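**Q** everything below, folded, please.
(one chain, ligands or ions: 2)
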Amino acid sequence: MKHTDIKALAGQVDASVTVLGWVVTTRTSGKIAFVVVRDGSGYLQCVVSKRDVTEEVWARLADLAQEASIRVVGTVRADPRQAGGVELTVTDLTIIGPSVDFPISPKEHGTSFLFEHRHLWLRSRKQVAIAKVRHRVFQAIHDFFDGRGFSHVSTPILTGSIGEEAGNLFATEYFDLGQAYLAQTGQLYVEAACAALGRVYCFGPTFRAEKSKTRRHLTEFWMVEPEVAFADSEDNMRLQEDFVSYLVARALDQCGEELKELERDLAPLERVVPPFPRISYTDAVATLNRLGSDLVWGHDLGGDDETLLCKEYDRPIFVKNYPKEVKAFYMKENPDDPRTVLNNDCLAPEGFGEIIGGSQREDDHDRLLARIVAQGLDPNAYGWYLDLRKYGTFPHSGFGLGVERTVAWICGVPHIRETIAFPRQIHRLYP
Ligand code: 4AD
Ligand code: MG
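**A** Ligands and ions are numbered 1, 2, ... in the order given. Alright, predicted model coming up:
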């Protein structure tokens, strides 16, 4: 259908154009009406003067409800007070699809009401801004790895081997082969691809039947997982700080309008540049104890611990070398302290916490087998994974960045459920 995107109107001052979109707000004062329209590319104020339009068109304004879809014809006028620098002087307006009693009004609604109406709530200004930032982050992820010679590998969602914790799997019957699990991670498969291609990443939805109801947990979330051959734990952290800084810089560069809409304080984002401070888990426990946490060595950091620790720094941090017991079987033992592993988490500031988990992988066949057995996993399911340590084993490292947590941090929205179009949580499968 012939029309012009709102975003393109700035270059079309004085032209007569057709715009297709949805009504955001309407306001009439006497012989003049203001209709704000959204088309996904931007927002446009349309000005209707009674004297410039037919009586029929003027009468239609009475039916012009929030979220009706419309076709507007008019002349583009420069107006520096408007967000896009233009407004439209309307000559014709038709309703494509009416919208009677749109459930989400500009007044305040409760969270559960909004999530029940998520399919409609997606249209609101703030949600549109978050969706745009998310899109930019996805694009930036591919650009970053492409620019560094990585190949994108698609790893399976239906899997036979448990990648992370056995406790939080979604299982489904799989023909005559017993149970398949929805992937918690693509890592094990991307490690195999790493030996073929050197530098690889997978990027897809991952699933965890976590009973956590925190603002940082979904049961379905997107994770990007690079894996690098002949990279150790130090190389791994350098890649992570470059990557995170790149994502933030791209958002600052490309999402100015969205971040403004979200009222995001940009100062903390502007400080996101390498190097990120590196703190050992053992030192982190000591610092946290000094700050009042009762965390005991050997336990994982909780969300509150992460927030408390991050307050000591002005940018994201790495906490490295966690105790073996709290981390996954595939992490390589730390030769300097065998109670710990060569891993790191990357914690985002301002209370957002862990956005990355990464590690150097165990590349010794027998040690890896021992770890699989010790964790009560079935070695037969890992035959193929152990093969990677039999045929040309190689030091390698990688990490996983949670996209929703990263977008939440960049946008400054406290709960990650707003950063994905249709969040999946323990108590939410509708819509
Ligand atoms: O630390 P995790 O569990 O690491 C892995 O899955 C590794 N296999 C990654 C790798 O080395 N290739 O998860 C990585 C990240 C977390 O830091 C977090 O950002 C995100 O995934 N994440 C979640 N995001 C939302 N909801 C959940 N339930 C999440 N669990 C993990
Ligand atoms: Mg983790």
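
**Q** need the contact partners of the longest strand belonging to the chain.
**A** Ranked by number of residues, the top strand in the chain under DSSP state E is strand 16-29. Strand 16-29 is contacted from outside by 1-4, 6, 9, 33-40, 43-44, 46, 61, 64-76, 88, 91, 96, 99, 106, 123, 125, using C-beta atoms under 8 Å, 6 or more residues apart in numbering. Using the backbone N, CA and C atoms, a C-beta is placed for each residue, glycine as well.

**Q** taking those, please make a PyMOL selection of just the buried ones.
**A** Selection of buried members from the contacts of strand 16-29 for PyMOL, criterion 16 or more other C-beta atoms under 10 Å:
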select buried, resi 4+6+9+33+35+36+37+38+39+43+44+46+61+64+66+67+68+69+70+71+72+73+74+75+76+88+91+99+123
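
**Q** among the contacts of strand 16-29, which lie within helices?
**A** Secondary structure from DSSP state H places residue 125 of the contacts of strand 16-29 in helices.

**Q** can I see the domain layout of the chain?
**A** 6-97, 118-419 (automatic domain parsing).

**Q** including distance to ligand 1 and mean pLDDT, could those go into CSV?
**A** Listed next are those as CSV, based on distance: least, C-beta to the nearest ligand atom, whole Å; pLDDT from 0 to 100:
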stretch, distance to ligand 1, mean pLDDT
domain 6-97, 27, 97
domain 118-419, 2, 97
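
**Q** and these, which is most packed in?
**A** Mean neighbours per residue, mean count of other C-beta atoms under 10 Å, is largest over the domains of the chain for domain 118-419, with a mean of 18.

**Q** endpoints of that domain, how far apart?
**A** The first residue of domain 118-419 is 12 Å away from its last residue (C-alpha to C-alpha, to the nearest Å).

**Q** can you check stretch 275-288 too?
**A** Terminal residues of stretch 275-288 are spaced 22 Å apart (C-alpha to C-alpha).

**Q** contacts for it, please.
**A** Residues from elsewhere that reach stretch 275-288 (C-beta under 8 Å, 6+ apart): 237, 240-241, 244, 295-297, 301, 305, 308-309, 312-313, 315-323, 337, 340, 344, 346.

**Q** do the same with stretch 96-115
**A** By C-beta under 8 Å, 6+ apart, stretch 96-115 touches 20, 22-23, 25, 63, 65-71, 117, 120-121, 123-124, 417, 423, 428.

**Q** now do that stretch: distance from first to last residue.
**A** With C-alpha to C-alpha as the measure, stretch 96-115 spans 27 Å from end to end.

**Q** quick one: buried residues of that stretch?
**A** Applying 16+ other C-beta under 10 Å to stretch 96-115 flags 99, 114-115 as buried.

**Q** so which of those residues reach ligand 1?
**A** The subset of the buried residues of stretch 96-115 within reach of ligand 1, by C-beta under 6 Å from any ligand atom, is empty.

**Q** which members of the residues you listed occur in strands, if any?
**A** Among the buried residues of stretch 96-115, no member falls in strands (DSSP E).

**Q** and those, which is closest to residue 227?
**A** Closest approach to residue 227 among the buried residues of stretch 96-115 (C-beta to C-beta): residue 115, at 35.1 Å.

**Q** give the contact list for residue 389.
**A** Residue 389 makes contact with 362-365, 368, according to C-beta under 8 Å, 6+ apart.

**Q** if you set the cut-off to 6 Å instead, what comes out?
**A** Shown in contact with residue 389 (C-beta atoms under 6 Å, 6 or more residues apart in numbering): 365, 368.

**Q** tell me which entries of the contacts of stretch 275-288 lie within strands.
**A** Counted as lying in strands by DSSP E, out of the contacts of stretch 275-288, are 317-320, 344, 346.

**Q** and these, which is closest to residue 133?
**A** Taking C-beta to C-beta as the measure, residue 133 lies nearest residue 346 of the ones in strands among the contacts of stretch 275-288, at 19.2 Å.

**Q** my guess is that closest one contacts residue 356, does it?
**A** Yes. Residue 346 lies in contact with residue 356 (C-beta atoms under 6 Å); the separation is 3.7 Å.

**Q** ok, residue 232 - contacts?
**A** residue 360.

**Q** same question but for residue 78, I mixed them up
**A** By C-beta under 6 Å, 6+ apart, the contact set of residue 78 is 13, 86.

**Q** what's opposite it in the beta bridge?
**A** Assessed by DSSP bridges, residue 78 has beta-bridge partners residue 86.

**Q** quick one: it and residue 12, what's the gap?
**A** Distance check for residue 78 against residue 12: by C-beta to C-beta, to the nearest Å, it reads 10 Å.

**Q** thinking again about what came up before, CSV please, covering the domains of the chain and showing distance to residue 110.
**A** Converted to CSV, these look like this (distance: least, C-beta to C-beta, whole Å):
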stretch, distance to residue 110
domain 6-97, 19
domain 118-419, 12
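
**Q** hmm, back to that, closest to ligand 1 among the buried residues of stretch 96-115?
**A** Distance to ligand 1, by C-beta to the nearest ligand atom, is smallest for residue 115 among the buried residues of stretch 96-115, at 16.2 Å.

**Q** do you know the pLDDT at that closest one?
**A** Looking at residue 115, its pLDDT reads 97.

**Q** that older thread, among the ones in strands among the contacts of stretch 275-288, which one sits closest to residue 192?
**A** Residue 192 has its nearest neighbour among the ones in strands among the contacts of stretch 275-288 in residue 344, at 22.9 Å by C-beta to C-beta.

**Q** so what touches stretch 177-186?
**A** Residues from elsewhere that reach stretch 177-186 (C-beta under 6 Å, 6+ apart): 155, 157-159, 163-164, 169-172, 174, 202, 206-208, 225.

**Q** show me these that map onto strands.
**A** Here DSSP E is the test, and the contacts of stretch 177-186 give 158-159, 171-172, 202, 206-207, 225 as lying in strands.

**Q** check contacts around the residue nearest to residue 341 when sequence neighbours are not counted.
**A** Of all residues not flanking residue 341 in the chain, residue 331 sits nearest, at 3.9 Å (C-beta to C-beta, 6 or more residues apart in numbering). Residues in contact with residue 331 (C-beta under 6 Å, 6+ apart) are 341, 343, 359.

**Q** what's the overlap in contacts for residue 346 and residue 356?
**A** What both residue 346 and residue 356 touch, as defined by C-beta under 6 Å, 6+ apart, is the set residue 240.
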